[in-house]
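Undergrad: For reference, the sequence and a predicted model appear below.
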Amino acid sequence: AQSVSQHNHHVILSEAASLELGCNYSYGGTVNLFWYVQYPGQHLQLLLKYFSGDPLVKGIKGFEAEFIKSKFSFNLRKPSVQWSDTAEYFCAVGANFGNEKLTFGTGTRLTIIP
Amino acid sequence: DAGVIQSPRHEVTEMGQEVTLRCKPISGHDYLFWYRQTMMRGLELLIYFNNNVPIDDSGMPEDRFSAKMPNASFSTLKIQPSEPRDSAVYFCASSNLAGRHTDTQYFGPGTRLTVL
């Protein structure tokens, strides 16, 4: 079974700071990887996803993530955050074969100080 | 498309009462997922359906929980009897995997359940 670890539970940054949120997964096979965002009071929305190919994936709102297979990691980055990026961020992993479930991490709450 | 629709958005009930949560997936999507989100446990998958058939209900916490999908455009999650520890936000999500094993899930706005 797959599992996902997000080590940062709450991150506080000032506007214009650079962001990196960690995500590590555990799974023996080929995976599909996702980052979702949940703005306050809203539902989860997809930020970006990786299936294959270029391990550097670009998503919406200036976010990107890099898949490093040797480290089982899929960290989310943004060079300069804005107040509107305040939200909770979830990493998720799905098997490329076998079942259709996504396993979500516990989330990282990001607070941006103006 | 209107996206995934859930109702009600908020539900407050008393312990012991029956609660029914409703979900309408995105038209054409063949997978439907029910999740529960709490501060303590994060986002948990309860059950999912493919073409209206339950595939995996291993996340359903106990027999008080049941879910049905009578047709492609409607699903319910029922809790009977409800308990205070069931208080959470319940999300429905749908997906069109089109041959993939996992792909983007589109989430509804959630139902915030409070059991007093």
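TA: Received the coordinates, thanks. Numbers count the residues shown, from 1 in each chain, chains lettered A, B, ... in the order given.

Undergrad: Near chain A, which residues of chain B are found?
TA: Residues of chain B found near chain A (Cβ under 8 Å from any Cβ of the partner chain) are B:31, B:33, B:42-43, B:45, B:48, B:50, B:55-56, B:91, B:93, B:95, B:97, B:100-110. Yep, even glycine has a C-beta here, placed from its N, CA and C like the rest.

Undergrad: Just the buried ones among those, please.
TA: B:31, B:33, B:42-43, B:45, B:48, B:55-56, B:91, B:93, B:95, B:97, B:102-110 (16 or more other Cβ atoms under 10 Å in any protein chain shown).

Undergrad: Out of those, list just those in strands.
TA: Per DSSP state E, strands hold the following members of those: B:31, B:33, B:42-43, B:45, B:48, B:55-56, B:91, B:93, B:95, B:106-107.

Undergrad: Pipe these into JSON lines and attach pLDDT per row.
TA: Converted to JSON lines, these look like this (pLDDT from 0 to 100):
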{"residue": "B:Y31", "pLDDT": "94"}
{"residue": "B:F33", "pLDDT": "96"}
{"residue": "B:G42", "pLDDT": "86"}
{"residue": "B:L43", "pLDDT": "90"}
{"residue": "B:L45", "pLDDT": "94"}
{"residue": "B:Y48", "pLDDT": "95"}
{"residue": "B:I55", "pLDDT": "93"}
{"residue": "B:D56", "pLDDT": "92"}
{"residue": "B:F91", "pLDDT": "97"}
{"residue": "B:A93", "pLDDT": "97"}
{"residue": "B:S95", "pLDDT": "93"}
{"residue": "B:Y106", "pLDDT": "94"}
{"residue": "B:F107", "pLDDT": "96"}
